[in-house]
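Trainee: just coords:
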Ligand SMILES: [Zn+2]
């Protein structure tokens, strides 16, 4: 209780840099400045509950702990070096700010996403693996051992698995829009959730609510990372048909879980998504939820899509299977 009271007086840390928008990957970058401006226009950034910091470049010393020198050179040659460095720097600083108790939780904007970046290869608008860099930094500088990564971006976190898959302290709950009938959980640390791509808020939120808390307890995480792609929204380019309502609800589930197991330490890393309308409202409602602020009516103004009974059944059975295979039910 002491930790919860103490942490609630601290701000939510928001990391941003205009280079993310100016030099980021075009599909992802166009949403950033409008989303940041919307936060400012609605007064969210003026409140003492939120602290904005300009992100700095990630250090080369840390980069070489996660990626090969060839990889780093290829990113330099890609033209997305500047945005990738500052995106990774945002993630690392977000993790450190929360770990050191300067902030209750954090949201890191990124101009290039991270979860498709492996040790020696990259694809899908990702160049440096932001989650892995955040984790390696806390492992090395602060001896943090246990982490849970919840990746709800509809694309798979293949790069994250490549880099952190052998790390016994890292649990990875990876949602992806790739439903398949035959499916086995690999291990408690590697939980893939191949969810039906036509699901909407009901099934998806239920899956998050049923899977995240028990896995978080199992992981003994000292910090939870949420790789949040709003390309999961019905109007955006990825799988799933979520509405704006889903994002603050997922934030609450993750916050409550983090409160229970790791003194509220939660870091949200922006992943996929392109639609400006979705970015503005999803990011706003997530940051306002993180900071304990009331939601804005305009941030939840779309209607959740209806789901077929078949989709609901498939989704529920998938989660049932995973929970049984993990030994949680
Ligand atoms: Zn994605």
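Mentor: Thanks, I have the structure now. Keep in mind that what you see is a predicted model, and the values were worked out from it rather than measured.
Trainee: which parts of the stretch 201-329 of the chain sit against the ion?
Mentor: Counting by CB under 5 Å from the ion, the residues of the stretch 201-329 of the chain close to the ion are 229, 231, 238, 272. No exception for glycine: its C-beta is placed from N, CA and C like everyone else's.
Trainee: I'd like those residues as a markdown table, with secondary structure and neighbour count appended.
Mentor: As requested, those are arranged in a markdown table below (DSSP: H, G, I helix; E, B strand; the rest coil; neighbours: other CB atoms under 10 Å):
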| residue | secondary structure | neighbour count |
| --- | --- | --- |
| 229 | coil | 26 |
| 231 | helix | 25 |
| 238 | coil | 20 |
| 272 | coil | 25 |
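Trainee: tell me which of those residues is nearest to residue 208?
Mentor: residue 229 (13.7 Å; CB to CB).
Trainee: isn't that closest one up against residue 238?
Mentor: Yes: in terms of CB atoms under 8 Å, residue 229 counts as a neighbour of residue 238; the distance is 6.3 Å.
Trainee: touching both of the two, which residues are there?
Mentor: When CB atoms under 8 Å, 6 or more residues apart in numbering defines a contact, the residues bordering residue 229 and residue 238 alike are 153, 154, 155, 272, 273.
Trainee: ok, the last one - contacts?
Mentor: Yep, that's residue 273 we're talking about. Contacts for residue 273 were tallied using CB under 8 Å, 6+ apart; they are 28, 31, 229, 230, 231, 233, 236, 237, 238, 279, 282.
Trainee: next one, pLDDT for the fifth one please.
Mentor: Confidence per residue is given as pLDDT, and for residue 231 that number is 97.
Trainee: excluding its backbone neighbours, what's nearest the residue at minimal distance from the centre of the chain?
Mentor: Most central in the chain under CA atoms, centre = their mean is residue 227, positioned 1.7 Å from the mean C-alpha point. Counting by CB to CB, 6 or more residues apart in numbering, the nearest residue to residue 227 once its immediate chain neighbours are dropped is residue 151, at 4.0 Å.
Trainee: any idea how far the ion is from the one you found?
Mentor: Taken as CB to the ion, to the nearest Å, the spacing of residue 151 relative to the ion amounts to 9 Å.
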